[in-house]
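Visitor: Need the 3D shape of this:
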Amino acid sequence: MKLHTILLVLFFTATASLAFGQSSAELKRQKEAIQREIQLLQRNLNKAAQNKQATRQQINALNAQIRLRQEKIGVINSEIKNLDNEISENTNTVHNLQGQLGELKKDYAAMIRFAQRNRNAYDKMMFVFAAKDFNQAYKRVKYLQQFGQYRKKQADYIQGTQKQLNSKIAELDRTRKQKSTLLQDQEREREKLGKDKSEQSSVLSSYSKQERRYRQDIAQQKKKQAAIDRSLRAAIAREIEKAKREAEERERREAAAAKAANKPAPVVSTKTKSTSEYLKATPEAARLSANFENNRGSLPSPVAVGTITERFGRHMVDRASIDNDGVTFTTGEGAAVRAVFQGQVSNVVNNMGRYFVLIKHGEYFTIYSNLASVSVSRGDKVETKQTIGTVGSSDGAGELQFQIRRVTVPLNPEAWLAR
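Guide: Numbering: from 1, shown residues only. Next comes the predicted model:
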């Protein structure tokens, strides 16, 4: 029973350690990913700092860096919590192993004393010959053999338990050192966060003093966005009209074919179809639309390395409100832009020297704005992660505006993209 208890303790300890290891590895990957985003933003901010005038991009980058720094501190806190749990588990295991080792040594000592008292070969022979019959004598011989084997096994168990105990003590020591390192890392990140917030306050103050330029910047952004929105609405409307014409043409062909074969004409529903139904009227379009929807939360980022610096919806920049129908990625200068899912290019538009690309995925559309160059044309079929152009840059940083729409309704891309 004691041996069974020891094995159970070791099994559950190993299982718990494996669970902690997997969780810690995932947290480490998250922390490294966040750190890469912070480093990219910092490089862009260093370039932007050479420009004495504060920019909206600089403010967005600082806001994103503060948010990422807070996320990193949160991940570190989770790592510390995991290590606390691991330390607690290992401490309990060490105490259990110490108790079990003591019991094993106590039992083994009793066996040794018994063996010492009965080590004389004459005593063993008398023990066997004192049996009342042959069957009992045979059992006594087997007992003496099994007793010797059991004593050897107990010695092996003691050695194994001692080895496991030493390993757990060493692991406990390593875990405590890891926790100490993480606490230092956490303190450094908090200091950096404080500096980021001070810089944010300074930049916002500088930006507010440049009120006239600030208003011009906001007005220019809204003007660009309004032009893009007009082009988008027109392009999507053309896609809807095209899908409607093709559906009506298919119905006419089916009716003509039925008439020629003297068959009853197909029943045409009198119910008005929705725009979504027109956009996914063909089996291929319906399948593409369903596949796109099934990949919600796992679509790849439109840039290989980048950070969301402006989020979806209405938000304030200093004292002005900005409406963003998508998200804005800050990335490296001249970075490649890639399609997040397979589809067909519906339109490529040059807007004030910068391009935007509209890709159709059944009833869904993805929009990639502020491209310096494009490598696709209208009507091209594209695959997931295929490069479609390069991001436009300013002040040494690339900035991509990315949208997802279901027909004409903007959706929050952060809910669709993989972390």
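
Visitor: immediately after the strand or helix carrying Ser202, which helix or strand?
Guide: Using DSSP states H and E, Ser202 sits in helix 134-209. Scanning forward in sequence from helix 134-209 by DSSP H and E, the next helix or strand is helix 211-260.

Visitor: Show me what the following helix or strand past that following helix is packed up against.
Guide: Going down the chain from helix 211-260, the next helix or strand is helix 275-279, by DSSP H and E. Here helix 275-279 touches helix 211-260, going by 3 or more CB pairs under 8 Å, 6 or more residues apart in numbering; DSSP states H and E. Placement of C-beta: from N, CA and C, glycine included.

Visitor: Packing partners of the helix it packs on?
Guide: With contacts taken as 3+ CB pairs under 8 Å, 6+ apart, helix 211-260 sits against helix 56-117, helix 275-279, strand 320-324, strand 343-351, strand 354-361, strand 364-374.

Visitor: right, so of those, which gets closest to Val337?
Guide: strand 364-374 (5.4 Å; CB to CB).

Visitor: Check which residues of that closest one are buried.
Guide: Buried residues in strand 364-374, counted by 16 or more other CB atoms under 10 Å: 364-372, 374.

Visitor: So in that sheet, which strands flank that strand, and in what orientation?
Guide: If you go by DSSP bridges, strand 364-374 pairs up with strand 354-361 (antiparallel), strand 387-391 (antiparallel), strand 397-406 (antiparallel).

Visitor: could I get the ones you listed as a markdown table with mean pLDDT?
Guide: Formatted as a markdown table, those follow (pLDDT from 0 to 100):
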| stretch | mean pLDDT |
| --- | --- |
| strand 354-361 | 92 |
| strand 387-391 | 95 |
| strand 397-406 | 90 |
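
Visitor: Mean neighbour count added to these, as JSON lines?
Guide: Output for those, formatted as JSON lines (neighbours: other CB atoms under 10 Å):
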{"stretch": "strand 354-361", "mean neighbour count": "22"}
{"stretch": "strand 387-391", "mean neighbour count": "21"}
{"stretch": "strand 397-406", "mean neighbour count": "23"}
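
Visitor: give me the low-pLDDT residue ranges for the stretch 151-300 of the chain?
Guide: Along the stretch 151-300 of the chain, the parts satisfying pLDDT under 70 run over 151-158, 160-161, 204-219, 258-259, 263-272.

Visitor: how about Val75, what does it touch?
Guide: Neighbour list for Val75: 27, 30-31, 34 [criterion: CB atoms under 8 Å, 6 or more residues apart in numbering].

Visitor: how about those, which pair is most distant?
Guide: Using CB to CB, these reach their maximum pairwise distance at Leu27 and Ile34, which is 10.6 Å.

Visitor: neighbour-wise, which of these two wins?
Guide: Ile34 (21 against 18; other CB atoms under 10 Å).

Visitor: Which secondary structure element is home to that one?
Guide: Using DSSP H and E, Ile34 falls in helix 2-48.

Visitor: Give me the mean pLDDT for that helix.
Guide: In this model, helix 2-48 has a mean pLDDT of 61.

Visitor: Nearest to Ser201 among the strands paired with strand 364-374 would be which one?
Guide: It is, among the strands paired with strand 364-374 and with distance given as CB to CB, strand 397-406, at 21.3 Å.
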